[in-house]
Every structure is written in structure tokens, then in C-alpha cells.
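Colleague: sequence and computational prediction follow.
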Protein chains: 2
Amino acid sequence: MQAGKSSVQFDKPPIVTAAASIVGEKEGKGPIGNCFDQIEPDPMFGKKSWEEAESELQRRTAEVCLSKAGLTPEDIRYLFAGDLLGQIVATSFGVGSLEIPMFGLYGACSTMGESMVLGSMTVGAGYADRIMAMASSHFASAERQFRFPLAYGNQRPLSSTWTVTGCGSVIIEKADGYSMENGNMPLAKITGITCGKVVDMQFRDSMNMGAAMAMAAVDTILQNFRDFAVVPGCYDKIITGDLGLTGRKILCDFTEQAGYDLKGIHMDCGLRIFDCENQDTHSGGSGCGCSAATLCGYILPRLQSREWKKVLFVPTGALLSPVSFNEGRSVPGIAHAVVLESI
Amino acid sequence: MQAGKSSVQFDKPPIVTAAASIVGEKEGKGPIGNCFDQIEPDPMFGKKSWEEAESELQRRTAEVCLSKAGLTPEDIRYLFAGDLLGQIVATSFGVGSLEIPMFGLYGACSTMGESMVLGSMTVGAGYADRIMAMASSHFASAERQFRFPLAYGNQRPLSSTWTVTGCGSVIIEKADGYSMENGNMPLAKITGITCGKVVDMQFRDSMNMGAAMAMAAVDTILQNFRDFAVVPGCYDKIITGDLGLTGRKILCDFTEQAGYDLKGIHMDCGLRIFDCENQDTHSGGSGCGCSAATLCGYILPRLQSREWKKVLFVPTGALLSPVSFNEGRSVPGIAHAVVLESI
């Protein structure tokens, strides 16, 4: 049912029954490297181009997810998926081969949030018994798309983030009739969602995307508080996607101005996946794959074990393109929120 | 409720209560030029770049749609929107300023179908009383993104299509409680949807996108027939997005092989919006805006007047990017279908 201005509260919360994550070598060497299902040492994933590599990363992650759930592609009614590349080609060429009816999404690095929001709405409404939601990014395909040729070896400002090579995929299904036999304990339930809006603060620095996205995160988080009449203390963690060091500071400052102290419960996937100081990733990790892989490898297991009871998962996206940047335009942000609770 | 493998049949069909379309000068001179709300003679839409022009086209179309419905942006709970450009920047910079919570979509030229499918599902489930769905394209921003600099004046093969400068926007809302006072007759109701899957026939010719998309249209249309247990005769029209002359032939040939004769009831928006022979558009019109504007200007009014009782609207998308094309990859297709019925 509708909650407040932008949110939905599920009468029958859909459940997350499986999750898979695959990351690259750098992510595997990070502080949560042992949480992921696979660490792929070959950045090309055995393919001939960075874009094909990202497609292969998506395809393999979907297959690991299906395999962990003991399912085949035919068991999934709809797929909600996207990536960072123009015309989301990593997705079209990656999971297209699974032949699952698909909704292609673009929410920049917020895409894992968007896919889970729409996916859980679809299951919650009874339009599907089971869907898959996923998102990916690849350091090299993103650098080629948005920044400089890798061989150029450009310097990066400290405010810049490092695009995660990673993919996360979840299966969301209706709770009614789900069998917990054989120890098939669901990872979490999705009790609500908040859809974000485009927030354009006229930031123009594509090397400081954390700042560009922070106000979108502020907007969505405060909207979530209002729509569900909750306070930060209702959540064990409020987890943004890839604000990094610069964005986290802005988020905490502005939510404090609104009367909320998030410092103690805020976590940012971009700051969790890398050891910024020792891995030369400057402000932190970014990319759709950052929040997606961290969700699947790190967050959902903590909900399953009931270490955390309730978290607000808020992937954040910077809505720029190479063309918009070259034309001197601003970098608007967007953030979508998913309320995840332990079973 | 779920219908067959990929479809949804609405217990309470959402209704389309307003629609708006704005097109460029060439579209305005075409055979259905008098159907659109506005024809803009300035291809720059008063802006400084083609991308900004497309954003302005989207923003203005949304405003005309709201104005026709007597609504403000605050009355719309969610916006489902997309365009052809990398990272859908026409949308982010266009309708972002409306401050409506937004789901960014990428389905190439099938985006109007995708936005209406997800939008009607959202209203049908009661997650929103009223949403807006829209999609746009612009000839010059698409040429810059996918093909050649305009000033180069390249020759185009006869199989190529002409990207429509146009945008269509609809308001979809729940039927319960809708007031038909003051002659507010809804345009149509949405009784079902069929979500398409990626179909890759290994076509590699980006100058013949009709062929690349035709098999996706075949797949979705046949799936619709199976899921709803209907035959072509159940529809007054089956309307594809932008298959053009080459794609239409493939569609009719392959559906005939499957035992269905679509020739009499098939219409293609790309063939309707332009007079291919006299407007030098070769195989026909294309782009998200082609099916979106034709829907809003031409199709919905015919459902409102009950000239047509039931149509299957099937926008078709070619999932290529400049990068995927330059890397020699194929052009997969996708098509999403919306069942529209007169009230």
C-alpha cells in the first residue's frame, strides 16, 4: 500500500531468497574480499573487450545466483537489470542470453536500488512469484565510457572514486508457499521502498560524484523517514551506495541540519568495499556494482544472521554522461531506498 | 494477475486519462502531422545543444500533458521515463526539474512500451493513484550519438530509418473514483501487458534496425497470443513501434509461418508518421519518440472515439550502442506490449 508521498509499504513483504556476487581482483583484496562468491583475477573475464567482460560478469553472477537457489532461468518470471554503460549494453549482451523477460533500467549507480524497488513491487503485487534484480559495473569499461583511456595513466583528484568491478544479483519472491526445508532460510524480507527523484544541485565536477549524489541521498532518506514516520534509530544501519568520503560528510552534515544524527549508523558501500588509504581508491568505490556486490556479499548475510534487524539500503546515482559532461552541464543525482528486515 | 508466461492481466484495468505529443517540423509535415499537440519549427527548441533540445522537448511535453489533465507535477506519484541517449541524459535533464519521483528506463525504442507496462503495473497494484509514462527521441541528438555528424551529409541505405524528433507522454491512473464530469472521458484502459525478452538474431547491420527488431516483435506478439489465449482477430490493430518497411515484411513473414496473418491489422508507427516515399525517410521513422508520439497523437484518440475497440501496442527497440557497434557486435532487439481497449 502507498506510504506517504513516495513510498510503498508491502502488506505481504516479498523475501530475498538468494544472492550472488562476483568481483574483480582489487575488490577481492579489499576489507570484505572474503564475502564474495567469486573473485575473478582476469579483468577481461576471458573476453576480448571491457564491455564483453562486464557482460560476462553479469551472466556469470546471474548463473551463480540461480545455482545457489537451485533454479533455472525458466523459474524467473522477470529480470530487472542495468549497468552504467551507454544504452546499458553490458546488460543487453550479458543477461539477454538467459531469455528471461527483461526490464532494462538506468539509474546510474542507484540501479541496484531501482531494480529491487521495481522487482519487489512486482512480486508484492502478485504479478510474479519470483524475479531477479541485478546491476553491474566494471572499472575499465566505465573509465573508457566516462573518463580517460587507461593507458594514459591520468592522475585522479582525491575526491574521485574508483569504479568497482563487480556485480550483485538477488532473487526476490513471494513469501507465501516458500519452503524453508533443507535449511533454505531466506536472507531478508523487503518491507518497503522509497522512490527517489532527480536532485540537481548544479555540481559540475565529475571527479567528485560523491558530492553530486549526497543531496539525492539526503532527499530520499528524509523522505523515507517522513513517509514511514520513522527516525534513524529504527534502522540498525542506513547504507548508501557510493558517496565516498566527500559525499558521506555532506550527507551527515545535511541530515544533522535536518535534526538527525546519522554518523553512528551510516555505512557507505564505497567506503566498505575498499581500504581507501591503502588501496589508492581515494574517496572510495563507486559504480552500480559497488552497492550491488556489497549488498549480496556483506549486507544480506548480516540480515540473515540477524546481526542486523532492519537496514535502509540506499544506492546513489550520478546522472551524467560523457556528452553532458563535455557540454559543461551539471551532475544531477538520484537515490532509491529499499527497507530490508531480517526474517 | 499473472497471465501465461510473461503477461499480466489487470483485475482493475488502469485508465489512460491524458496524453500529449510534441514533434518536430518534419513530423509535422507528415501524414498525421495534424494529430500532435504541438509542432516545433525550431529543432534546437530554443536551446544550445541537441541534447538540451531533447530535454526541453520532454519537459514541454510533460507540461502539456499535465495542463491537458488540469494537474500539477505534485499530482503525479511516479514518473517512468527514458530516451535513446547514453545514460538517458535527455530524461535526467528534461523531466528531472519536475521533481516527480522517477524510474529511469532504457529499452531503446521500446521505452514507451516499457514505461507504460511498469506504470500500469504500479497503478494496477495500488502503489500509485496516478503516474506519468513518457519517452522521447530527437533526430539530431540520435545521429550524433549513433551515426555520423550531421554536417558530413552521409548517404543512408534504403533499409535505414529516420529518428523521429518527438515525445509522447501519458497519464495513467486508477479507474475507481475517476470523475468523468466536465467531459473528462478517459482515452483508453490498459487491460494487460506482455513483457518482452532480449532476442538476438546476430544481425550486425545498424543501418537495418527494422530487421534487428522484427524478431523481438514476433516473439512478444506470439507470447501475447499464447498468454492471453487470443488470436490476431481479437485486436483491431496490432501496432509495432518502428520496424519500417524491412522489419514489417519480416514480421508478417514470420508470424505467417507461425500460422497468423497479420497483414490486414498490422500498423507500424514508423510507417504511419512519415510518408517514406516523399519525405526521404527510407524505411520509416524510428526512435522512442516515434511510437510515443504516434500513440498519444493518433492511436489513443481512435480508442477514445471507439473507432478501434482493442489494440496491441508493441514498441520495438534495438539494443545497440556506439561502443557495441564499433566493436562489431550484433544488434539484439526487445519489444514490450500493452493491451489498450476503448472505455
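Modeller: Done, it's in. Numbering: from 1, shown residues only, chains lettered A, B, ... in the order given.
Colleague: packing partners of the longest strand along chain A?
Modeller: The longest strand of chain A (DSSP state E) is strand A:15-24. Contacts defined by 3 or more C-beta pairs under 8 Å, 6 or more residues apart in numbering or on different chains; DSSP states H and E place strand A:15-24 against strand A:38-40, helix A:50-69, strand A:166-173, strand A:188-194, helix A:288-294. (C-beta placed from N, C-alpha, C; glycine too.)
Colleague: could you identify which of these is most buried?
Modeller: helix A:288-294 (a mean of 37; mean count of other C-beta atoms under 10 Å in any protein chain shown).
Colleague: chain center to that one, what's the gap?
Modeller: Centroid separation for helix A:288-294 versus its chain: 4 Å, with C-alpha atoms, centre = their mean, to the nearest Å.
Colleague: where along the stretch 51-200 of chain A do the strands fall?
Modeller: According to DSSP state E, counting those that start in this stretch, the stretch 51-200 of chain A carries its strands in the segments A:78-83, A:102-104, A:130-137, A:162-163, A:166-173, A:188-194.
Colleague: sorry, back to before: after the longest strand of chain A, which helix or strand is next?
Modeller: helix A:25-28 (DSSP states H and E).
Colleague: want to throw the helices and strands packed on strand A:15-24 into TSV with mean pLDDT?
Modeller: Formatted as TSV, the helices and strands packed on strand A:15-24 follow (pLDDT from 0 to 100):
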stretch	mean pLDDT
strand A:38-40	98
helix A:50-69	97
strand A:166-173	98
strand A:188-194	98
helix A:288-294	98
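Colleague: which one of the ones you listed lies nearest to chain B?
Modeller: Chain B lies closest to helix A:50-69 among those, at 5.9 Å (C-beta to the nearest C-beta).
Colleague: picking up where we left off before, export the longest strand of chain A as CSV, just CAs?
Modeller: Output of strand A:15-24 as CSV, limited to C-alpha atoms (Å, rounded to 0.1, in the frame of the first residue of the first chain):
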residue,chain,number,x,y,z
ILE,A,15,11.6,-12.1,0.5
VAL,A,16,15.1,-12.2,-0.8
THR,A,17,15.8,-15.9,-1.2
ALA,A,18,19.2,-15.9,-2.9
ALA,A,19,22.0,-13.6,-3.7
ALA,A,20,25.3,-13.8,-5.6
SER,A,21,28.3,-11.5,-6.1
ILE,A,22,31.3,-11.7,-8.3
VAL,A,23,34.1,-9.0,-8.1
GLY,A,24,37.5,-8.3,-9.6
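Colleague: what does the stretch 151-300 of chain A have sitting close to chain B?
Modeller: Applying C-beta under 8 Å from any C-beta of the partner chain, we find that the stretch 151-300 of chain A lies next to chain B at A:195-198, A:200.
Colleague: ok, those vs chain B, which is closest?
Modeller: For these, the nearest to chain B is residue A:198 (3.1 Å; C-beta to the nearest C-beta).
Colleague: chain neighbours aside, what residue packs nearest to residue A:119?
Modeller: Nearest residue to residue A:119, sequence neighbours excluded (C-beta to C-beta, 6 or more residues apart in numbering or on different chains): residue A:133, at 4.1 Å.
Colleague: which residues are in contact with that neighbour?
Modeller: Residues in contact with residue A:133 (C-beta atoms under 8 Å, 6 or more residues apart in numbering or on different chains) are A:79-81, A:112, A:115-116, A:118-119, A:169-170, A:172.
Colleague: one step back: using TSV, lay out the helices and strands packed on strand A:15-24 together with distance to residue B:255.
Modeller: Listed next are these as TSV, based on distance: least, C-beta to C-beta, whole Å:
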stretch	distance to residue B:255
strand A:38-40	42
helix A:50-69	30
strand A:166-173	34
strand A:188-194	39
helix A:288-294	37
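Colleague: wait, which of those is closest to residue B:165?
Modeller: helix A:50-69 (29.0 Å; C-beta to C-beta).
Colleague: picking up where we left off before, tell me the pLDDT at the residue nearest to residue A:119?
Modeller: Per-residue confidence (pLDDT) for residue A:133: 98.
Colleague: give the bridge partners for it, please.
Modeller: residue A:80, residue A:170 (DSSP bridges).
Colleague: alpha carbons of stretch A:305-312, as CSV, please.
Modeller: Below are the C-alpha coordinates for stretch A:305-312, written out as CSV (Å, rounded to 0.1, in the frame of the first residue of the first chain):
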residue,chain,number,x,y,z
SER,A,305,22.2,-14.0,10.7
ARG,A,306,20.1,-11.3,12.5
GLU,A,307,23.2,-9.3,13.4
TRP,A,308,21.2,-6.5,11.9
LYS,A,309,17.4,-6.5,12.2
LYS,A,310,16.5,-3.6,9.8
VAL,A,311,18.5,-1.6,7.4
LEU,A,312,17.8,1.1,4.8
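Colleague: list the buried residues for that stretch?
Modeller: A:308, A:310-312 (16 or more other C-beta atoms under 10 Å in any protein chain shown).
Colleague: average model confidence for it?
Modeller: Rounded mean pLDDT across stretch A:305-312 is 98.
Colleague: residues making contact with that stretch?
Modeller: For stretch A:305-312, using C-beta under 8 Å, 6+ apart, the contacting residues are A:221, A:224, A:234-239, A:299, A:302-303, A:337-342.
Colleague: what does stretch A:70-77 give?
Modeller: Residues beyond stretch A:70-77 that count as contacts (C-beta under 8 Å, 6+ apart) turn out to be A:18, A:62, A:66, A:98-101, A:127-132, A:171, B:2, B:5-6.
Colleague: is it possible to mark the buried ones in those residues?
Modeller: Buried, going by 16+ other C-beta under 10 Å: A:18, A:62, A:66, A:98, A:100-101, A:127-132, A:171, B:6, out of the contacts of stretch A:70-77.
Colleague: name all residues that make contact with residue A:220.
Modeller: Contacts of residue A:220 (C-beta under 8 Å, 6+ apart): A:194, A:196, A:314, A:335-337.
Colleague: please enumerate the helices of chain A.
Modeller: A:25-28, A:50-69, A:89-94, A:111-124, A:139-146, A:209-228, A:244-257, A:269-273, A:276-279, A:288-294, A:300-304, A:322-326 (DSSP state H).
Colleague: check what pLDDT the closest residue to residue A:126 other than its chain neighbours gets.
Modeller: In space, and not counting its chain neighbours, residue A:126 is closest to residue B:1: 6.5 Å by C-beta to C-beta, 6+ apart. pLDDT recorded at residue B:1 is 93.
Colleague: specify which member of the contacts of residue A:133 is nearest to residue A:147.
Modeller: residue A:112 (21.7 Å).
Colleague: with distance to residue A:29 and neighbour count added, can I get the residues of the stretch 151-300 of chain A next to chain B in CSV?
Modeller: As requested, those are exported to CSV (distance: C-beta to C-beta, whole Å; neighbours: other C-beta atoms under 10 Å in any protein chain shown):
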residue, distance to residue A:29, neighbour count
A:195, 35, 30
A:196, 32, 30
A:197, 37, 25
A:198, 35, 25
A:200, 36, 20
